[in-house]
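Q: sequence plus predicted model, see below.
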Amino acid sequence: MSYDTVAGIILAGGRSRRMGQDKAGLEFEGVTMLTRVAGVVEQRCAPVLVAAPETSQAYRELSRESDLRWVTDEKQGSGPLGGLAAALAAAGAAGADVAFVCATDMPLIGTGLIEELLAGLTEQADAVIARDAQRDHPMAGVYRTRVAETLQALVDGGELRMTAAVEALDTRRVSVTDENWLTNVDAPEDLHRLRVGSVS
Ligand SMILES: Nc1nc2c(ncn2[C@@H]2O[C@H](COP(=O)(O)OP(=O)(O)OP(=O)(O)O)[C@@H](O)[C@H]2O)c(=O)[nH]1
């Protein structure tokens, strides 16, 4: 199945406790992580929505950047799942049936990841997420915008975990050809590994 219109969602809120500073605004190879990730997502997706609460440093510093649209979390502290529910609703309202979802702390994503996830999407499936040898990656996935209400109901019930979304939906998993796409930068040592080029 081919998809012409695919929205992009970049999760960029949260507290970045392990990193000690907002990951979205962190510089990697001369640009902020958010700018870098957005540059890839914009090659395949439109509109591109950044999900972050107005209280986040990323929102204050980067909300004027480029053509990115910002979706602020309905409720502060609702975690990535809250950001995803709000952004999927906004993507659906913008006319998209499908959205690619990733996190601002995944600076090595490529458009190949988006294509491989889309290739795994069937009419019936609600979502397709990446998995590698170790685990599922619900923050690297394509989701139907029709699931926004289901996810919002989870959030309203106090759920914060992305894995709860995976369990609640008809979710397919695909093994992607380049696991570097899934590299996650959570702490200063992760960024250091990336800068010295020792990511495997
Ligand atoms: N919109 C939104 N995004 C979030 C929220 N919490 C985390 N994220 C994003 O989800 C992705 C994964 O977040 P985590 O690394 O689990 O959490 P974090 O708060 O960024 O970092 P830690 O405080 O170190 O756990 C990152 O891209 C965050 O920007 C939230 O409450 N709202």
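A: That came through fine. Numbering: from 1, shown residues only.

Q: find the centremost residue of the chain, please.
A: In the chain, the centroid-proximal residue (CA atoms, centre = their mean) is residue 102; its distance is 2.0 Å.

Q: residues contacting that residue?
A: Residue 102 is in contact with 8-11, 37, 41, 109, 113, 139-140, counting by CB atoms under 8 Å, 6 or more residues apart in numbering. The C-beta positions use only the backbone N, C-alpha and C, and glycine is treated the same way.

Q: likewise residue 192?
A: The contact partners of residue 192, taken as CB under 8 Å, 6+ apart, number zero.

Q: report pLDDT for it.
A: On the pLDDT scale, residue 192 is placed at 91.

Q: just use 27 as the starting number from now, easier for me
A: Sure, I'll start counting at 27 from here, so that last one is residue 218.

Q: in three-state terms, label it for me.
A: State at residue 218, reduced to three classes by DSSP: H, G, I helix; E, B strand; the rest coil: helix.

Q: do you know how far it is from residue 111?
A: 34 Å (CB to CB, to the nearest Å).

Q: residue at max distance from the center of this protein?
A: No residue in the chain sits farther from the centre than residue 222, which is 24.9 Å out by CA atoms, centre = their mean.

Q: pLDDT of the lengthiest helix in the chain, averaged?
A: Looking across the chain with DSSP state H, the single longest helix is helix 105-119. Helix 105-119 shows a mean pLDDT of 96.

Q: secondary structure element holding residue 156?
A: Using DSSP states H and E, residue 156 sits in strand 153-157.

Q: for that strand, C-alpha coordinates in CSV please.
A: As requested, the backbone C-alpha atoms of strand 153-157 are provided in CSV (Å, rounded to 0.1, in the frame of the first residue of the first chain):
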residue,chain,number,x,y,z
ALA,A,153,0.2,0.9,14.3
VAL,A,154,3.5,-0.5,13.2
ILE,A,155,6.5,-0.1,15.5
ALA,A,156,10.2,-0.9,15.0
ARG,A,157,11.9,-3.6,17.0
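
Q: quick one on the thing from earlier: hang on, the residue nearest to the centre of the chain in a strand?
A: Yes. Counting by three-state DSSP, residue 128 is found in a strand.

Q: can you pull the pLDDT of it?
A: For residue 128, the predicted pLDDT is 98.
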